[in-house]
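K.L.:
sharing a sequence plus its predicted fold:
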Amino acid sequence: FAAHVTRDTAGAFDVATGALVKAWGFFKRDGRVPPPAELAAARAVSGTRHVVLDPADRTVKFRRPGLELNLGGIGKGYALDRAAELLKSKWGVRSALLSGGGSSVRAVGVPPFRPKGWPVAVAHPWEPGRTIGTVHLVDQGFGTSAATYQHFEYNGRKLGHLLDPRTGWPAAGTASASCVAPTAAEADALSTAFFVLGADAAATYCDSRPGLTPLVLMDDGTPVGGRPS
């Protein structure tokens with residue numbers, strides 16, 4: 001599924017970027033700008049195009065030695081989806097809200113006496129306690145991507161841990177990106193992609209996909225897209 005999202009977003013989301021994450025120091029939460037040669041080497045061993053998936057044998061092969069997968073942009077959502085399926089199939093749960101630390105949420109059914117769905121506040125990335133809206137989830141997932149905690153200053157710019165796989169540099173211009181989707185894994189992956197793509201491209205992506213709702217907050221504090229209440 002991660003490979004599908006990579007193709008569908010023209011590379012704005014890519015789990016095969018572990019070498020880049022390490023080059024930028026974000027793997028150990030110690031961000032820094034890598035030397036050009038180190039960055040070039042990391043880019044050379046990054047990208048799903050170097051990953052061979054064999055569905056029949058259920059194998060994964062790397063074409064480039066040193067390539068690493070980093071599932072941080074989709075792992076929590078996927079885990080919540082699996083937990084939701086277990087709750088429903090094994091214990092018959094029909095109403096629940098699962099949270100993976102706030103950035104990843106999965107709703108099962110609706111809360112009692114609230115047919116509109118589970119209300120989930122969209123947190124503001126740099127003003128604690130402030131929200132930029134509320135979404136209501138009914139058997140849906142919700143994901144948010146923001147460089148709130150992992151970033152550093154460089155030449156007057158804030159460089160965050162959300163990298164643009166296409167350039168190898170931290171994505172710029174977006175403060176936070178959120179997405180409502182049929183599953184939490186999809187919401188997680190697309191919120192990351194939308195952070196990289198920006199508001200206009202996120203809206204265009206969702207135009208032909210009625211099951212998706214984006215909400216992007218620009219660096220200047222302007223919210224774009226979505227239907228927060």
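P.N.:
Received the coordinates, thanks. Residues are numbered from 1 along each chain as shown.

K.L.:
in its sheet, which strands sit next to the worst-scoring helix or strand of the chain on mean pLDDT, and in what direction?
P.N.:
Confidence across the helices and strands of the chain bottoms out at strand 223-224, with a mean of 72, counting by mean pLDDT, DSSP states H and E. Neighbouring strands of strand 223-224 in its sheet, by DSSP bridges, are strand 213-218 (antiparallel).

K.L.:
just give me the longest helix of the chain.
P.N.:
The helix spanning the most residues in the chain, taking DSSP state H as the definition, is helix 75-91.

K.L.:
which residue, other than its chain neighbours, is closest to the residue at minimal distance from the centre of the chain?
P.N.:
Most central in the chain under Cα atoms, centre = their mean is T192, positioned 3.1 Å from the mean C-alpha point. Closest residue in space to T192, ignoring its immediate chain neighbours: G73 at 4.1 Å, by Cβ to Cβ, 6 or more residues apart in numbering. In short, each C-beta sits where N, CA and C put it, glycine included.

K.L.:
how much space between that neighbour and R130?
P.N.:
25 Å (Cβ to Cβ, to the nearest Å).

K.L.:
so between those two, which is more surrounded?
P.N.:
Neighbours around G73 and R130, counted as other Cβ atoms under 10 Å, are more numerous at G73. The numbers are 25 against 10.

K.L.:
pLDDT score for the more buried one?
P.N.:
Note for G73: predicted pLDDT of 94.

K.L.:
surely it meets A12?
P.N.:
No - because the distance of 10.6 Å does not satisfy Cβ atoms under 8 Å, G73 is recorded as not touching A12.

K.L.:
pull up the overlap in contacts between those two.
P.N.:
Common neighbours of G73 and A12, counting by Cβ atoms under 8 Å, 6 or more residues apart in numbering, are T192.
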